[in-house]
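> I would like the atomic coordinates for the input below:
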Amino acid sequence: FDPLSQNPFPDNTIPQSRWNSVSTKVLPYLPAPNLAGLTNKNAAGFALDPSQNFYYNPFRDQNINQYTGRVDYAQSEKNSFFGRYTYSSNLLIGEGPLATNVQSAVNGVEDAHIGGQNVSGAWTRNISPRTLNELRGGVSTDPQNYAHGDPTDYASQFGLKQFLEPNASTGFPHFTISGINLGSGEYRPLKVGEKNFQVSDTMTLIRGSHNLRLGGDVRRTLLNTTNNQLSTGRFAFTGVQTRDRAHPAGTTTCPGGTNSSACGAGDGMADFLLGYPSQVADGTPIPPVTKYFSNWAGFVNDTWNVTK
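Numbering: from 1, shown residues only. Coordinates of the predicted model:
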């Protein structure tokens, strides 16, 4: 139904002169059917949209590398040291449902850099034949950077820039057209920087039949998060705008039938072509959030060797 006249479009077809200029620019990014699909009809014998007419084979590529080096140094019979460094890179490039989070958009590609580093060391001190102390420390990082695989400023190309916040992220705006998703991720880019610090000390005391271990552990975590919620915009087309408004429930009588709730109202693609969304969101980049938290722990353990 034409939202302006409330009459059905002739031949159930929207003339190209009524197509919205933004929709015309977005339309080429909608994949065309690549299979014959199934022909569907309703109970009255009228043709419905075909189904199973699109084959989609998204890709996912993940490359993980890890390098570790360690040095051990025995200074004397009483003192020994070790140090270790580990570097890990993890690059994941995913498309659609195989990306970490682009809402299964058929044109969505995401680059995820989720590697990390670790530095640790220890000093072992033989205080006496029956007393040993071990001091350990380490720092680890766990950066996570989820970015749009295609940072093109599509909003400017489509003429949508004026509807978004001035600092909106580049990338493909999120369009939902009935059950079809186009976009580059509603919550992308996302950056998480995590740093963990740890120091522990353990002393071992051998006294007679008792083997005592006592010590403590201190841990500190720093977490920085920068998210972008809906910052490329979201435009939803559900068919509500082209429904027959004579039916408040949003349903339309099927051709050849009398049941007013037999057919779903309107068409999401029709709403899209006309440029009448049912919902628009222009979220903004979320300011960086910083969190700190610490843990302290102590312990005492006694292993008692009981003999006859």
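
> tally of neighbours for the closest residue to residue 220 other than its chain neighbours?
Across the structure, with CB to CB, 6 or more residues apart in numbering as the measure, the residue nearest residue 220 apart from its sequence neighbours is residue 197 (4.4 Å). From N, CA and C alone the C-beta is placed, and that goes for glycine too. Counted with other CB atoms under 10 Å, residues neighbouring residue 197 total 14.

> Then residue 197 would be within a helix, right?
No - counting by DSSP: H, G, I helix; E, B strand; the rest coil, residue 197 is located in no helix; its state is strand.

> In the sheet, which residues pair with it? Tell me.
Per DSSP bridges, residues listed as beta-bridge partners of residue 197: residue 139, residue 220.

> if I look at it, how far off is residue 119?
Look at residue 197 and residue 119: by CB to CB, to the nearest Å, they are 10 Å apart.

> what do these two both touch?
138, 139 (CB atoms under 8 Å, 6 or more residues apart in numbering).

> coming back round to it: these two touch, right, the residue nearest to residue 220 and residue 139?
Yes - shown here, residue 197 and residue 139 form a contact pair, counting by CB atoms under 8 Å, at 5.5 Å.

> Okay, now the unreliable bits of the stretch 151-300 of the chain?
Scanning the stretch 151-300 of the chain for pLDDT under 70 picks out the ranges 247-265, 285.

> show me where it has strands.
The residue ranges that make up the strands of the stretch 151-300 of the chain, judged by DSSP state E, counting those that start in this stretch, are 174-177, 180-182, 190-207, 210-226, 234-237, 251-252, 263-264, 279-281, 289-304.

> Can you lay out those strands as JSON lines showing distance to residue 74?
Shown next, in JSON lines, are the strands of the stretch 151-300 of the chain (distance: least, CB to CB, whole Å):
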{"stretch": "strand 174-177", "distance to residue 74": "60"}
{"stretch": "strand 180-182", "distance to residue 74": "60"}
{"stretch": "strand 190-207", "distance to residue 74": "18"}
{"stretch": "strand 210-226", "distance to residue 74": "22"}
{"stretch": "strand 234-237", "distance to residue 74": "62"}
{"stretch": "strand 251-252", "distance to residue 74": "82"}
{"stretch": "strand 263-264", "distance to residue 74": "77"}
{"stretch": "strand 279-281", "distance to residue 74": "63"}
{"stretch": "strand 289-304", "distance to residue 74": "27"}
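
> Among those strands, which comes closest to residue 3?
Distances from residue 3 to each of the strands of the stretch 151-300 of the chain were compared using CB to CB; the minimum, 12.4 Å, belongs to strand 234-237.

> Put the alpha carbons of the closest one into PDB.
Backbone C-alpha positions of strand 234-237 (Å, rounded to 0.1, in the frame of the first residue of the first chain) are rendered in PDB as follows:
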ATOM      1  CA  ARG A 234      20.900   2.000  12.400                       C
ATOM      2  CA  PHE A 235      17.900   2.200  10.000                       C
ATOM      3  CA  ALA A 236      15.200  -0.500  10.300                       C
ATOM      4  CA  PHE A 237      12.600  -1.300   7.700                       C
END
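
> and the residue nearest to residue 220, what does it touch?
138, 139, 219, 220, 221, 222.

> Report the buried members of the residues you listed.
Buried residues within the contacts of residue 197, counting neighbours by 16 or more other CB atoms under 10 Å: 138, 221.

> can you tell me which residues contact the nearest residue to residue 212 once chain neighbours are set aside?
Ranked by CB to CB, 6+ apart and with sequence neighbours excluded, the top spatial neighbour of residue 212 is residue 205, at 4.2 Å. With contact taken as CB under 8 Å, 6+ apart, residue 205 is in contact with 130, 131, 211, 212, 213, 214.

> how about these in TSV, adding neighbour count?
Shown next, in TSV, are those (neighbours: other CB atoms under 10 Å):
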residue	neighbour count
130	12
131	14
211	15
212	15
213	15
214	14
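
> residues making contact with stretch 229-238?
Counting contacts by CB under 8 Å, 6+ apart, the residues outside stretch 229-238 that touch it are 155, 160, 163-165, 167-178, 183-187, 266, 268-269, 271-272, 276-286.

> between the contacts of residue 205, which is closest to residue 48?
When those are compared for distance to residue 48, the smallest value, 73.7 Å, is given by residue 213; criterion: CB to CB.

> Give me the distance between that closest one and residue 206.
The gap separating residue 213 from residue 206 is 10 Å, by CB to CB.

> and if you look at residue 70?
Distance from residue 70 to residue 206, by CB to CB: 28 Å.

> Compare these two (neighbour count), which wins?
residue 206 (14 against 11).

> Quick check, that one in contact with residue 131.
Yes - in this structure, residue 206 is within contact of residue 131 by CB under 8 Å, at 7.5 Å.

> List the residues that contact residue 295.
Taking CB under 8 Å, 6+ apart, we find residue 295 in contact with 217, 218, 219.

> can you redo the residues you listed as TSV with distance to residue 5?
Compiled in TSV, the contacts of residue 295 are given as follows (distance: CB to CB, whole Å):
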residue	distance to residue 5
217	74
218	73
219	68
